[in-house]
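Participant: starting from these lines, generate the structure:
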Amino acid sequence: MSLVRMVTAAALGFGLAFSGQRVKAQPPAASAPAASAPAVSAPTASAPAAAPVPVPALTAAKGGESCIETAEAATRPKFTEKFPSRALSGHGVSLEVSITHGKGQSVLPSGFRLQREGPAVEALKRAGFALPDPEGSSAPTLETRPAGDQITTRVVLPFLVLPEKPGRQTLTLPAVPIALSRASGEVVTLCTSVHTLAVEDPTANTPNPKPKQNPPPRRQREEWTLLKYAVIGLLAALVLAALTAFLVGRWLKRPKKPAPPRKVRPPWDVAREALFDLRHAGLVAANRQAEHYERAANIIRQYLGDRFGFDGLECTTRETVLLIRESALDQATGILIRNFLVDADLVKFAKVSPSEEQCALVLQQAEDIVQKTLPTAPPQAAVQAPGLPNPGGQVPGNGGAP
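Facilitator: Okay, the predicted model is just below:
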């Protein structure tokens, strides 16, 4: 009885290597005992009598201790296997198993979980096989294809051929357990067949083989991510700068609206407004007669310059009188302007203090000068046709003076 338990534990340990779930061996019905199962010893006098428990039959082959099948023959699904007959030592081989079962059943319900230690793994090592790393390129695969009321599950289990001795030899792959979950929740174990494999040594056909040196090192290329991102950023900045320069150039070359014409006030209106402000400035009442007199003279000088086309504030009295004579003014108006400017120079340069009457008189004289130098007709805004005489008899360039 101890031998049966040891073999059962070994089979369950190997089943965990592929299903990842501990599968309890289900005893078969009492009506179908296995012929090869040993009988259980009779109970002692102190223990109650119990019916003998049959034990499932083991796989009768080398390495048969690696799997104990718990599925009944009547309900066992269709099972086909494919395994190569020849291989090279140190290379990998794959066991391909196709299981056709019902829709309520699933193969390896917990997926693949590899165990590196245990009786099943030791049995594989003694047989000359090893399990590759499942995280590598030779990982087990499981593929399911529905076909009507049935489902075909294809399981590919990779193995690495590692015989203990060199040379040509024959290895035996032990039975491999595969877990099957039924619709009722029961999990049974299916065992594959035992397969033989003719193993050839890779150097069997080479006389006196010698170890080969390692291949020369290859140049390792590492991606310089910082430089790549810097170049991409620089190219993006250049494209953005070019686009910005193009848009700014187009914006600067856009057609601009002409500035509205500036309305220039006539110089006599400006002079009259300035004289009105001076009359109500209160400089005479504040005993600032000299400043009053000087401001009145500056208003007239500015007016004469704007009226007759010269810089009145920068010209001396002599220059102003000569320029006025060329403007075809009457003699009385010219004498009035000359006397006004001479009196203003006496107050400004000779420090003569004018009286209140003289301050009032200077304002009256300034208003008379503006009134007597007005153009005979106001400036016309109409456009003069070419070849026609100037309307109003005005002379261009002299402020409209006749």
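Participant: report the contact partners of Leu275.
Facilitator: By CB atoms under 8 Å, 6 or more residues apart in numbering, Leu275 lies in contact with 296, 299, 363, 366-367, 370. No exception for glycine: its C-beta is placed from N, CA and C like everyone else's.
Participant: quick check: buried residues in whichever strand or helix holds it?
Facilitator: For Leu275, the element it lies in under DSSP states H and E is helix 267-279. For helix 267-279, the neighbour count (16 or more other CB atoms under 10 Å) marks 267-268, 270-272, 274-275, 278-279 as buried.
Participant: ok, so of the contacts of Leu275, who is nearest Leu173?
Facilitator: Ile299 (124.2 Å; CB to CB).
Participant: quick check: which element contains that closest one?
Facilitator: Assigned by DSSP H and E, Ile299 falls in helix 289-308.
Participant: could you do Ser110 as well?
Facilitator: Using DSSP H and E, Ser110 sits in no helix or strand.
Participant: and Ala236, by the same measure?
Facilitator: Going by DSSP H and E, Ala236 is in helix 225-252.
Participant: ok now that helix, how far from the chain's centre?
Facilitator: Here helix 225-252 is found 17 Å from its chain centre; the criterion is CA atoms, centre = their mean, to the nearest Å.
Participant: okay, angle between the helix holding Ile299 and helix 267-279 too, please.
Facilitator: Angle between the axes of helix 289-308 and helix 267-279 is 170 degrees (criterion: axes from the mean of the first three to the mean of the last three CA atoms, to 10 degrees).
Participant: go ahead and confirm Pro134 touches Pro140.
Facilitator: Yes. With contact defined as CB atoms under 8 Å, Pro134 reaches Pro140; the gap is 6.4 Å.
Participant: quick one: which of these two has more around it?
Facilitator: Pro140 (18 against 12; other CB atoms under 10 Å).
Participant: got the phi and psi for Thr100?
Facilitator: phi -100, psi 120 (degrees, to the nearest 10).
Participant: equivalent analysis for Ser181, please.
Facilitator: phi -100, psi 130.
Participant: can you pull the contacts of it?
Facilitator: 105-107, 109, 187.
Participant: any idea how far it lies from Gly111?
Facilitator: 12 Å (CB to CB, to the nearest Å).
Participant: and if you look at His292?
Facilitator: Taking CB to CB, one finds His292 at 112 Å from Gly111.
Participant: any buried residues in the helix or strand harbouring Gln358, and which?
Facilitator: Assigned by DSSP H and E, Gln358 falls within helix 356-372. By neighbour count with 16+ other CB under 10 Å, helix 356-372 contains the buried residues 358-359, 362-363, 365-367, 369-370.
Participant: which helices and strands sit right next to the helix or strand harbouring Thr170?
Facilitator: Here Thr170 sits within strand 169-173, counting by DSSP H and E. Where contact means 3 or more CB pairs under 8 Å, 6 or more residues apart in numbering; DSSP states H and E, strand 169-173 is packed against helix 119-127, strand 195-200.
Participant: name every strand pairing with it and say which way it goes.
Facilitator: Here strand 169-173 has these sheet partners by DSSP bridges: strand 195-200 (antiparallel).
Participant: how about the strand it pairs with as CSV, C-alpha atoms only?
Facilitator: Taking C-alpha atoms only, strand 195-200 is exported to CSV below (Å, rounded to 0.1, in the frame of the first residue of the first chain):
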residue,chain,number,x,y,z
HIS,A,195,7.4,7.6,-26.7
THR,A,196,10.8,6.4,-27.8
LEU,A,197,13.3,8.8,-29.4
ALA,A,198,16.5,8.0,-31.4
VAL,A,199,19.1,10.5,-30.4
GLU,A,200,22.0,11.4,-32.6
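Participant: ok and that strand relative to helix 119-127, angle-wise?
Facilitator: 40 degrees.
Participant: where do the helices sit along the stretch 1-150 of the chain?
Facilitator: With helices called from DSSP state H, counting those that start in this stretch, the stretch 1-150 of the chain shows them at 2-19, 119-127.
Participant: just give me the lowest mean pLDDT stretch among those helices.
Facilitator: Note on those: helix 2-19 shows the lowest mean pLDDT, a mean of 38.
Participant: buried residues in the strand holding Thr170, which are they?
Facilitator: 171, 173.
Participant: and if you look at stretch 256-268?
Facilitator: Using 16+ other CB under 10 Å as the burial criterion, the residues of stretch 256-268 that qualify are 266-268.
Participant: now those as CSV including distance to Val199 and pLDDT?
Facilitator: Conversion of those to CSV gives the following (distance: CB to CB, whole Å; pLDDT from 0 to 100):
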residue, distance to Val199, pLDDT
Pro266, 121, 90
Pro267, 122, 90
Trp268, 126, 90
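Participant: and the residues you listed, which is closest to Phe308?
Facilitator: Pro267 (9.3 Å).
Participant: how about the nearest residue to that closest one, chain neighbours excluded?
Facilitator: Asp306 (3.6 Å; CB to CB, 6 or more residues apart in numbering).
Participant: hang on, the earlier thing: so which elements touch the helix holding Gln358?
Facilitator: Using 3+ CB pairs under 8 Å, 6+ apart, helix 356-372 sits against helix 267-279, helix 289-308, helix 331-349.
Participant: how about residues contacting that helix?
Facilitator: 268, 271-272, 275, 278-279, 283-284, 289, 292-293, 296-297, 299-300, 303-304, 333, 336-337, 340, 343-344, 354.
Participant: just the buried subset of the residues you listed, written out for ChimeraX, thanks.
Facilitator: A single ChimeraX command selects the buried members of the contacts of helix 356-372 (16+ other CB under 10 Å):
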select :268,271,272,275,278,279,283,284,289,292,293,296,297,299,300,303,304,333,336,337,340,343,344,354
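Participant: for the buried residues of helix 356-372, which one is nearest Trp224?
Facilitator: Val370 (84.9 Å).
Participant: list the contacts for Val270?
Facilitator: 302-303, 306 are the contacts of Val270 under CB under 8 Å, 6+ apart.
Participant: so where is this structure shaky, pLDDT-wise?
Facilitator: Along the chain, segments meeting pLDDT under 70 span 1-66, 112-117, 204, 377-402.
Participant: the same query, at a cut-off of 50, please.
Facilitator: For the chain, the stretches with pLDDT under 50 are 1-64, 381-402.
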